[in-house]
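*Asks:* here you go, sequence then predicted model.
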2 protein chains.
Amino acid sequence: MNGFSFDSTGFRIDGEDRYLVSGEFHYFRVPKADWRRRMQLFREAGGNCLATYVPWLIHEPEEGDIRFGDVDYRDLAGFLALAQEMGLKVLLRPGPYQYSELDCAGLPGWLFRRYPEVLARDTDGNAFNDFAVSYLHPVFLAKARIYYRAFAEQVRPFMAENGGPVCMLQVDNELTGVHVWFGSLDYNRETMGFGEPDGRYPRWLRAKYGSVAAMNEAYETRLRSFEEARPIAAADRKSVASCRRVKDYHDFYLGTIAEYAGLLASWLREDGLGGPICHNSANPGMNALFPETVRAMGDGFLLGSDHYYTLNQSWEQNNPTPQYCLRVMMSCDTLRALGMPPTVLELPGGSPSDTPPILPEDLLCCYMSNLALGMKGLNYYVYTGGPNAPDTGTTCDVYDYNALVRADGSLNGTYASARAFGAFMAENSWLQRAHRVASVQVGFEWNTLRCRDYDPDLPCGGAKIAHFLERGVLYTLMCSRFSPEMTPVCGRLDPSRPLILPCPSAMSAEAQDAALHFLKSGGNLLVMPAFPETDLDFHPLSRWDDVLRGASFLHDQAVGPAVEIEGVGRVFGISRATVCERLPEGATPIAFDARTGRVLGFELSVGGGRLIWFGGTWEMTGFPQAQMMERFLERLDARPCVASSNRNVFTALWTDEIGRRMLFVLNPYSGAQRTRLHVFEGGGVALDEMALRPMEVRAVAL
Amino acid sequence: MNGFSFDSTGFRIDGEDRYLVSGEFHYFRVPKADWRRRMQLFREAGGNCLATYVPWLIHEPEEGDIRFGDVDYRDLAGFLALAQEMGLKVLLRPGPYQYSELDCAGLPGWLFRRYPEVLARDTDGNAFNDFAVSYLHPVFLAKARIYYRAFAEQVRPFMAENGGPVCMLQVDNELTGVHVWFGSLDYNRETMGFGEPDGRYPRWLRAKYGSVAAMNEAYETRLRSFEEARPIAAADRKSVASCRRVKDYHDFYLGTIAEYAGLLASWLREDGLGGPICHNSANPGMNALFPETVRAMGDGFLLGSDHYYTLNQSWEQNNPTPQYCLRVMMSCDTLRALGMPPTVLELPGGSPSDTPPILPEDLLCCYMSNLALGMKGLNYYVYTGGPNAPDTGTTCDVYDYNALVRADGSLNGTYASARAFGAFMAENSWLQRAHRVASVQVGFEWNTLRCRDYDPDLPCGGAKIAHFLERGVLYTLMCSRFSPEMTPVCGRLDPSRPLILPCPSAMSAEAQDAALHFLKSGGNLLVMPAFPETDLDFHPLSRWDDVLRGASFLHDQAVGPAVEIEGVGRVFGISRATVCERLPEGATPIAFDARTGRVLGFELSVGGGRLIWFGGTWEMTGFPQAQMMERFLERLDARPCVASSNRNVFTALWTDEIGRRMLFVLNPYSGAQRTRLHVFEGGGVALDEMALRPMEVRAVAL
């Protein structure tokens, strides 16, 4: 009776298509006497699963003294038994990392006191944080292995395959965070094997370059061996050759992350724990760090992401916003691109700070926005809290978290939001097998979303294009009648919908070829702001020469203030752009610098497809930019999805195989808004004018 | 009949205490045929003044071809005559700078084409922006002088002293912005006189140091003369000596700003224009750049500030927030500290971006929050817009700005917000002579608020303390029953209210002496997190030795996670602090590191006053921090102002000489909130529970 499974579309729970509705419930904090009542309250709020960290520092307070069940706050087995009795599944997260406002992020203090060699190091060899380990350090692994085995002993009887409630296990937590948030990747010499012929890093270099000569050519160095190679800090990249060194280490480092995650998973298997394994990217921007890990983990692995909107006064915003919605959409789309049902493994259930407050309207808006933009499963962090075990908390003695159910057991005002949301999910579980309708595909390569630390400073550098993709392309599309979906260029492209390609100067041969293949076999393609010129290692590479025969371009030219778009008129907000000096054969110019008449865009038939190139980038400021985008997409025969008379009201339309449709209308602002909607998809429906309250997300069954 | 005046408390307009309610109304954009109707609409919204830029690029399209009145969009005189007829005063802003989404920020393009030598330069001698001038460059000044004279000719008959409507003139716009926003101060060699015995910079150094030897000692250099000295970039400061060089140039540069503002003012006087002169700091954070300018401008000068909450999707927040409220309060308090009635010379009337939208509720919240926190006068930017003159706009052809009255003359939804706000100000004009009640004074020195670019990286460096002042001290106080007011330590301190001194390691002798004098003559003082150790030039200086006899401290110690506060208990959120190793004679410890027992705070009687020292800093996260602050202030006999059962509801209480009282209750969040309020000040009133809508600011007459 395996009552829990998922595929790339959604979850099946106890034989039905259902949202995974999990709530973080720390048996090591919540008073045991109140477990049952709070579990019942969670069921009433629509919950079907509980999640909890299983903190190493709680269960191994002194080295070798591993304790389970001696006191209530270590009674994992009691917790699991009760969850089963209450009909709730359980997701266990044994770390080693937890964060969770625990001392040393949940690792035991003795580890760092006794074995300081496990600390992560920067390029100068200095430890940069008191509790950041080098994940693959042998001493750390030896200690963690012991804890994992003890954990497995406790949990085995409660695994789903043994008839228990534990449906999934999470390895580690928010991987890479403990390094990058504190200022550095990990360059621990022993872990990475610098100087060792058989060290991880020299081996990686050997596998990539084959010969020392090839490495030296790429790096512009005169090293005598792979083991002589040392990484340089991101800040020290000055030349293209040094960018290659930084990028290589970044790729190598992400490989070690995959190795570490795989190792933790193998321990679970060795100790007899089966079933799905998961991990949570710390935020939408980090999802792109995990393709290697997903590949290493293989089938049955679930990568989710954490979607907080505020945790303290220094966050960008106090409430869900359009900017938050865009990041949520990007996160869900990139998770799906990795083969996952988009799962928010930490969806706010409160906040560690008393201010800014987590208010019921905001929270419901957050929940509904996540669902509207792709979420298929979630875990409220935290559903409920309680007193910290002695000497374990870093932010409080009583971990209340302003959560849905307070530390003292009372209902927070936000509990009603979760209950309303739970009811919505239960009533609309058909959405598990449905998908968000997208008019266009926004193509990306993973490298573009993670190259910030190593890309050279070029006019069309990857970090700039990633910014354009989010703040320009996606934001503009959300203000248009064409709905976007992010799709890997090298993945399965749908030839019936246009592909928009925000194009960095560095792109792999595979991605270039995939876009060209799409085009030549009849797809319609919009490329902005320039065609790629190198591969991902910054070696010259362009596959576009035959398509662009006769064309020449100049990058980073001053243009504007207005550009003239055929069929639209003057559009502002683009001040530097790539300019086409000579058109490719057969191209029709469609965009111009209004002042000089220089060509900023053209349309060209290629094979069976149509190509539009536009040389500008922008951050969405004015609605004429949305009109421009709409014009380009009309020329590429995109099918409109939903038009909103008020472009500041976002929409998301869902449909399933039998044609059911649900329209979400989002007002992620603190003021009321009105709009009139026209749904194109599915035959055409005009809705009555709609008045939306502040922070309202309305679901309309069509 | 001079119907316009102000003092440090407020404005008098036509013989009455009234809010200055100005609206930016560009005669060079708004169609002339609609001027009268829109002026009437502005009066109906409570307006009593219009403001407009008088853009150089509009009136001198080619060098020497100065035009006024030849076409409608240059009809300044017609505009002024009509304003007078409509009973509206006028504030004119002839630049030279305007911004205003105009080409070259409102300067004529020929200036830069013909005279590129006027451009500002970075430390490498490179121009860093196409339209950033070196303000005091002789060629720029010569050209600007001609334009100013032509402006004066036009305006003289319309000046208030000549019976006209023009009540105030603004010199330049958002000074320093065109440099610092584009990456550098101005290091134009010709302007600053590097290498010239009589150059500005060598003269400044001579005045400061007297001898080359003294300069060399401070800088650790071996220069042979003052003219040999060259500034270094802020990024190049590595040692204390290099910090001195960067700070000196910063101070010198601000002196040139004062000189430039004074020069523009002198031109107006030379050309026979009298009356008040004003300038606008670009944002609250920049107010501290202007003490030199205020001193140079003398009586009759009004420094205001611009208080936008969003201008595009990349701003921190889309709507007014508590963080915005704090900055507004800091701005109003610092303007008042400079002797000004707090005036918001650009209060949003819309936004140049279509998204995020400016919504009526947000805008009214913004207006009421500004008023509640100190604003006595305002200028809506913009009240209304219209088509740009040919080839002058950078963001659009029709400058609509989503303003209160749209470019096409229709009323925006936000017009009602301004009208309601105008009615409130008219009904409550007694507030012009009233003041916000403050329980405590938060002392500051200007240097602390502007030292970010030159302070050494020390545990109690000025930039860190400025951050603590805002995100720690002020935020915490707003969540407490004690209301804050920022007061310069060297200004007039009120001995009846405690002084809180967030204390950087560098503080002038004057400021140290002022705080000590306050204490010794009976004032109660709270110092955090450490006592000053150097003067503003980073030379050792502490005036506290006799007060702290026998004491010794260690900075930047790891503490926490909890600190134990006498009378409160365990408080979290402080992880590094100054620790007192040996108490001063007679001191009573009142705060401890909960883990080690080390002393983090003490109380000490000094002369007639009481001193509390606390070694921690924090960013406000948990309400126990507010309880800690309340406990310290109780011990210092502070009078509570207003207690809110919901600490996330902010309050501001106003009173006047005859005891009228008005309580403002602020909910700057996107969700509803409830609270029960108790007003201590003025005898004690408990109010019924209050439900506040999202973004509601409620005014309660007591």
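*Replies:* Okay, I see it.

*Asks:* what about residue A:475, helix or strand, and which?
*Replies:* Using DSSP states H and E, residue A:475 maps to helix A:475-478.

*Asks:* for that helix, give the mean pLDDT please.
*Replies:* Helix A:475-478 shows a mean pLDDT of 98.

*Asks:* and that helix, what does it pack against?
*Replies:* helix A:322-337, helix A:623-635 (3 or more C-beta pairs under 8 Å, 6 or more residues apart in numbering or on different chains; DSSP states H and E). Quick note: C-beta positions are derived from backbone N, CA and C, even for glycine.

*Asks:* pick the most deeply packed of the ones you listed.
*Replies:* helix A:322-337 (a mean of 25; mean count of other C-beta atoms under 10 Å in any protein chain shown).

*Asks:* near chain B at all, that helix?
*Replies:* Yes - judged by C-beta under 8 Å from any C-beta of the partner chain, helix A:322-337 and chain B are in contact via A:322-323.

*Asks:* just checking: what are the partner strands of the helix or strand of chain A with the lowest mean pLDDT?
*Replies:* Taking mean pLDDT, DSSP states H and E as the measure, chain A has strand A:685-686 as its least confident helix or strand, at a mean of 95. Partners of strand A:685-686 in the sheet, by DSSP bridges, are strand A:677-679 (antiparallel).

*Asks:* in the partner strand, which residues are buried?
*Replies:* A:677, A:679 (16 or more other C-beta atoms under 10 Å in any protein chain shown).

*Asks:* my guess is residue A:362 contacts residue A:695. True?
*Replies:* Yes - because the distance of 5.8 Å satisfies C-beta atoms under 8 Å, residue A:362 is recorded as touching residue A:695.

*Asks:* joint contacts of the two?
*Replies:* A:319-320, B:670-671 (C-beta atoms under 8 Å, 6 or more residues apart in numbering or on different chains).

*Asks:* can you redo those as TSV with pLDDT, neighbour count and distance to residue A:100?
*Replies:* As requested, these are exported to TSV (pLDDT from 0 to 100; neighbours: other C-beta atoms under 10 Å in any protein chain shown; distance: C-beta to C-beta, whole Å):
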residue	pLDDT	neighbour count	distance to residue A:100
A:319	98	29	24
A:320	98	29	23
B:670	98	28	28
B:671	98	26	26
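
*Asks:* re earlier: next SSE downstream of the helix holding residue A:475?
*Replies:* Trace forward from helix A:475-478 with DSSP H and E and the next one is strand A:484-488.

*Asks:* that next one vs chain B: in contact?
*Replies:* No - against chain B, strand A:484-488 shows no contacts by C-beta under 8 Å from any C-beta, the least distance being 15.8 Å.

*Asks:* cool, and stretch A:645-659?
*Replies:* Yes - Stretch A:645-659 reaches chain B (C-beta under 8 Å from any C-beta) through A:647-648.

*Asks:* and stretch A:175-192, by the same measure?
*Replies:* No - applying C-beta under 8 Å from any C-beta, one finds stretch A:175-192 separated from chain B by no less than 13.4 Å.

*Asks:* can I get that stretch in CSV, CA atoms only?
*Replies:* Coordinates of each C-alpha in stretch A:175-192 appear next as CSV, following Å, rounded to 0.1, in the frame of the first residue of the first chain:
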residue,chain,number,x,y,z
LEU,A,175,22.2,23.0,-0.2
THR,A,176,25.0,25.5,-1.0
GLY,A,177,23.3,28.1,1.2
VAL,A,178,25.6,27.7,4.2
HIS,A,179,28.5,28.5,1.8
VAL,A,180,27.2,31.2,-0.5
TRP,A,181,25.2,33.2,2.1
PHE,A,182,28.3,33.5,4.1
GLY,A,183,30.5,34.7,1.3
SER,A,184,32.2,31.9,-0.5
LEU,A,185,31.9,28.5,-2.2
ASP,A,186,33.8,25.8,-0.3
TYR,A,187,37.5,25.5,-1.1
ASN,A,188,38.5,23.1,1.6
ARG,A,189,41.8,21.6,0.5
GLU,A,190,41.3,18.2,1.9
THR,A,191,37.8,17.8,0.5
MET,A,192,38.6,19.1,-2.9
